[in-house]
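Peer 1: kindly generate the corresponding structure for this input.
(one chain, ligands or ions: 1)
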Amino acid sequence: MSGDADVILVGGRIFTSVPEHPFARALALRGERLVAVGTDAQAEAWSGRRTRTIDVRGRVVVPGFIDAHAHVSSAAGEVGWTDLFSSRTREIALSRLRGRTADAPPGAWVFGMNWDESQWPDRRYLDREDLDQVSTVHPVIAVRRDRHMAALNSRGLEAAGDLVGLRGFEVDGSGRPTGVVKEDAFGSLWDRLSPSEAAVEAGLGTMARRAHRLGITSIHDVVDLRGLRAYQRLRRLGRLRVRVYAMPRDDLLPHLASAGLMSGLGDSWLRLGAIKVFSDGSLGAYTAALSEDYEGRPGERGMLIHKPRELRERLLIAHRAGFQTATHAIGDEAIRVTLDALESVLAEVPREDARHRIEHFELPDEDMIRRARAAGILASCQPNFIGWCSGPGGTYETRLGKDRASRNTPFQRIRRHRVPLCFGSDGMPYGPLHGLRWAVSGFFEHQRLPVEEAIRAYTSGSARASFEEDVKGTLATGKLADFVVLRGDPFHDPVDIGSMSVDSTWIGGRHVYRRTAKR
Ligand SMILES: [Zn+2]
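Peer 2: As a prediction, this is how the structure comes out:
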């Protein structure tokens, strides 16, 4: 009954994300849920003696952002590693790494991450010779921004000597390792060097605070065993600060399936999610699988991680066990093969509303979009990639040539064919407002969505992608009180959304972030 809301928020421009009544002025919450969303009077009817009333004075309020493709638990273990992302040249990246060797004992690994040669004048990968300039006494590894490859120095190569001959272990014409490791070689090395479970758990608090500042209230996070265990422990201790839909890597599938687990197990803080499967690599590393040659590289079409029959088999095991699947597919060939596999799996074991997902879905043609719609497959996209890769001289253009590049990320077509769309960032970088900027003002007309649609993809679209549309993703009575107050009005100035900021973030009725800087 009325009279006992904890908080009433009035005077807002509240985007509910509910199609029938997209805007409201006020909301009231009690405990972790919304008890009213509507006019100031409707919310104020819930006012009681202990109710706190906040007038947001015309500010825009949106549902909490749900990043549908995150790597928060992996990044948590790397808090403190050298981030090379904003290095404008190769030399700057190398000198940052060199700075790290000072406090590392000889023989200890030095880690760099997020380098991106496409931002450097010479557009050449980091390699052994570069990293030998960083240190000859420390093994050094620098992971590329796409996390599908890394470069090692000579000491690093010594420590990785047993990887010679694995797929992706690069050698030059004379058989000498270049220091570049991709795919299988990278995977094995990464398993060995990645942070401990304790490091992951310790870093998750920092990662949650970063999320709050960006207005992120839920994440669909790709997890390995360490991440999955760290999240469960934090949940048990009541210290999970962001809602998590945990998407286990497919090497965990046999164990999870044989234990009888399924997608959906858990609660509104931590839920077992989709199984993450890879079908190809990345355009930057020339490993995304294409139906035609890479620009300027005759005969090169990237790689499928699994033979089509093996991919189908994996997806079938997951599907049969009751899991949603989330398959990484960037190139048109990878998307086609993934659609083939999912269609065939769904034909063999029909399941109502399985909501299998294709992650990235960057180069689908019209026919693939239609097939996704018919099979009930969701598109899980990262609009921030448009800003990163889609511009003149960017990765799409250099890898695909102008013509093919101009067809990337067709959000308009995906919407027109009513393929359910959800948005995330892949952590490159995190930031829904930054991503939304590119969803409303991409380089090509077919990339651009109306701002309401774009925000829906980052809120209700992502809630649907985790089967949680009944509890979150929209602001309506009975839903979780997860919302964000913005500075700036994206409905009035959509193209400026990227420069707007988060004023405050609420999760489950708790105020988790408030901007304190002066106006
Ligand atoms: Zn990813």
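Peer 1: please make it C-alpha for all contacts and neighbour counts, starting now.
Peer 2: Will do.
Peer 1: now Thr16. Nearest residue, chain neighbours left out?
Peer 2: Nearest residue to Thr16, sequence neighbours excluded (C-alpha to C-alpha, 6 or more residues apart in numbering): Leu475, at 4.6 Å.
Peer 1: who does the helix or strand Gly156 falls within touch, helix- and strand-wise?
Peer 2: Applying DSSP states H and E as the criterion places Gly156 in helix 154-159. Other elements packing on helix 154-159 under the criterion 3 or more C-alpha pairs under 8 Å, 6 or more residues apart in numbering; DSSP states H and E are helix 128-132, strand 140-144, strand 177-182.
Peer 1: do you know the pLDDT at the residue nearest to Thr16?
Peer 2: Looking at Leu475, its pLDDT reads 98.
Peer 1: contact partners for Val244?
Peer 2: Going by C-alpha atoms under 8 Å, 6 or more residues apart in numbering, Val244 touches Ser218, Ile219, His220, Asp221, Trp269, Leu270, Arg271.
Peer 1: I'd like the residues you listed laid out as JSON lines, including distance to Gly302.
Peer 2: Formatted as JSON lines, the contacts of Val244 follow (distance: C-alpha to C-alpha, whole Å):
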{"residue": "Ser218", "distance to Gly302": "33"}
{"residue": "Ile219", "distance to Gly302": "30"}
{"residue": "His220", "distance to Gly302": "27"}
{"residue": "Asp221", "distance to Gly302": "26"}
{"residue": "Trp269", "distance to Gly302": "38"}
{"residue": "Leu270", "distance to Gly302": "36"}
{"residue": "Arg271", "distance to Gly302": "34"}
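Peer 1: from the residues you listed, which land in strands?
Peer 2: Among the contacts of Val244, DSSP state E puts Ser218, Ile219, His220, Asp221, Leu270, Arg271 in strands.
Peer 1: helix or strand for the residue lying closest to the last one once chain neighbours are set aside, which one?
Peer 2: In this case it means Arg271. Closest residue to Arg271 apart from its sequence neighbours, by C-alpha to C-alpha, 6+ apart: Tyr245 at 4.9 Å. Here Tyr245 sits within strand 243-248, counting by DSSP H and E.
Peer 1: only C-alpha atoms, please: export that strand in CSV.
Peer 2: Extracted in CSV, the C-alpha atoms of strand 243-248 (Å, rounded to 0.1, in the frame of the first residue of the first chain):
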residue,chain,number,x,y,z
ARG,A,243,24.4,-7.9,-11.4
VAL,A,244,26.1,-10.6,-13.3
TYR,A,245,24.9,-13.0,-16.0
ALA,A,246,27.9,-15.3,-16.1
MET,A,247,28.7,-16.7,-19.5
PRO,A,248,31.1,-19.7,-19.1
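Peer 1: beyond that strand, next helix or strand please.
Peer 2: On the C-terminal side of strand 243-248, the closest following helix or strand by DSSP H and E is helix 253-258.
Peer 1: what pLDDT, on average, does that following helix get?
Peer 2: The average pLDDT for helix 253-258 rounds to 96.
Peer 1: list the buried residues in that helix.
Peer 2: Leu253, Leu256, Ala257 (16 or more other C-alpha atoms under 10 Å).
Peer 1: counting by contacts, list what that helix packs against.
Peer 2: Where contact means 3+ C-alpha pairs under 8 Å, 6+ apart, helix 253-258 is packed against helix 308-321.
Peer 1: just the C-alphas of the helix it packs on, formatted as CSV.
Peer 2: In CSV, the C-alpha atoms belonging to helix 308-321 read as follows (Å, rounded to 0.1, in the frame of the first residue of the first chain):
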residue,chain,number,x,y,z
PRO,A,308,31.5,-26.7,-39.1
ARG,A,309,30.6,-30.2,-37.8
GLU,A,310,32.4,-29.7,-34.6
LEU,A,311,30.8,-26.3,-34.0
ARG,A,312,27.4,-27.9,-34.5
GLU,A,313,28.3,-30.6,-32.1
ARG,A,314,29.3,-28.2,-29.4
LEU,A,315,26.2,-26.1,-29.8
LEU,A,316,24.1,-29.2,-29.8
ILE,A,317,25.5,-30.4,-26.5
ALA,A,318,24.9,-27.0,-24.9
HIS,A,319,21.4,-26.7,-26.4
ARG,A,320,20.4,-30.2,-25.4
ALA,A,321,21.6,-29.6,-21.9
